[in-house]
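# Sequence and predicted structure below; questions after.
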Amino acid sequence: MFRAMRRAKQQLSEEECDKILTGASSGVLCVSGDGGYPYGVPISYAYDKEKKAIYFHCAKEGHKIDAIRRNDKASLCVIAKDDIVASEYTTYYKSVIVFGRIREVNSEPLKTMAATEIAIKYNPQDSIAGRMKAINDFYPALNILIMDIEHISGKQAKELIGRQ
């Protein structure tokens, strides 16, 4: 169902894709928006390698959630490296695209777990009590979404092949 990468030599390993998804601070979520137009929106997220899932939050109403409710298929693009090389008129890049289906979380334990994963990613030094206070403060307005990953593809500039 998902295409093989045309330039297979530039494909990143699963390990490198996991590293990028774990370490990046944001990505662009792409969904099918109003009137059939693609809708790409930056998001903060947490990646769960073991569960093959991406956790993120959004408002309970708005363009993003309306689009997801109409069509749960989405992609998330994360760029880990994008160094301009002016003399070559190019960039040396590394990026990952995740494909999957998004669902709203209705289970309280799952919602708390996903919110905790996001909180840990963005404030790992906070205490458990501090983290839970922040989650509880936002909980009434909090809408947690999970992207169940179906496919991951990573690519790098050909000039980076063999480099760390």
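Sure thing, it's come through. The structure displayed is predicted, hence computed values, not measured ones.
# Below-threshold pLDDT in the protein: ranges please.
Along the chain, segments meeting pLDDT under 70 span 164.
# the strands in it, which residues?
27-32, 38-43, 46-48, 53-58, 73-85, 90-104, 143-156 (DSSP state E).
# These into CSV, with extra columns for distance to Arg7 and mean neighbour count?
Using the backbone N, CA and C atoms, a C-beta is placed for each residue, glycine as well. Shown next, in CSV, are these (distance: least, C-beta to C-beta, whole Å; neighbours: other C-beta atoms under 10 Å):
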stretch, distance to Arg7, mean neighbour count
strand 27-32, 21, 20
strand 38-43, 23, 14
strand 46-48, 25, 21
strand 53-58, 25, 21
strand 73-85, 17, 16
strand 90-104, 13, 18
strand 143-156, 7, 19
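# and Phe2, which of the ones you listed is closest to it?
When the strands of the chain are compared by C-beta to C-beta, strand 143-156 sits nearest Phe2, at 4.4 Å.
# tilt between that closest one and strand 27-32?
If you take axes from the mean of the first three to the mean of the last three C-alpha atoms, to 10 degrees, strand 143-156 sits at 110 degrees to strand 27-32.
# Using PDB, list the CA coordinates for strand 143-156.
Coordinates of each C-alpha in strand 143-156 appear next as PDB, following Å, rounded to 0.1, in the frame of the first residue of the first chain:
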ATOM      1  CA  ASN A 143      -8.300  16.600  23.700                       C
ATOM      2  CA  ILE A 144      -5.700  13.900  23.300                       C
ATOM      3  CA  LEU A 145      -5.200  12.200  19.900                       C
ATOM      4  CA  ILE A 146      -3.200   9.100  19.000                       C
ATOM      5  CA  MET A 147      -1.900   8.400  15.500                       C
ATOM      6  CA  ASP A 148      -1.600   4.600  15.200                       C
ATOM      7  CA  ILE A 149       1.500   4.200  12.900                       C
ATOM      8  CA  GLU A 150       1.000   2.200   9.800                       C
ATOM      9  CA  HIS A 151       4.300   3.100   8.000                       C
ATOM     10  CA  ILE A 152       7.400   5.100   8.600                       C
ATOM     11  CA  SER A 153       9.800   6.300   5.900                       C
ATOM     12  CA  GLY A 154      13.000   8.300   6.500                       C
ATOM     13  CA  LYS A 155      15.300   9.900   3.900                       C
ATOM     14  CA  GLN A 156      18.600  11.800   3.900                       C
END
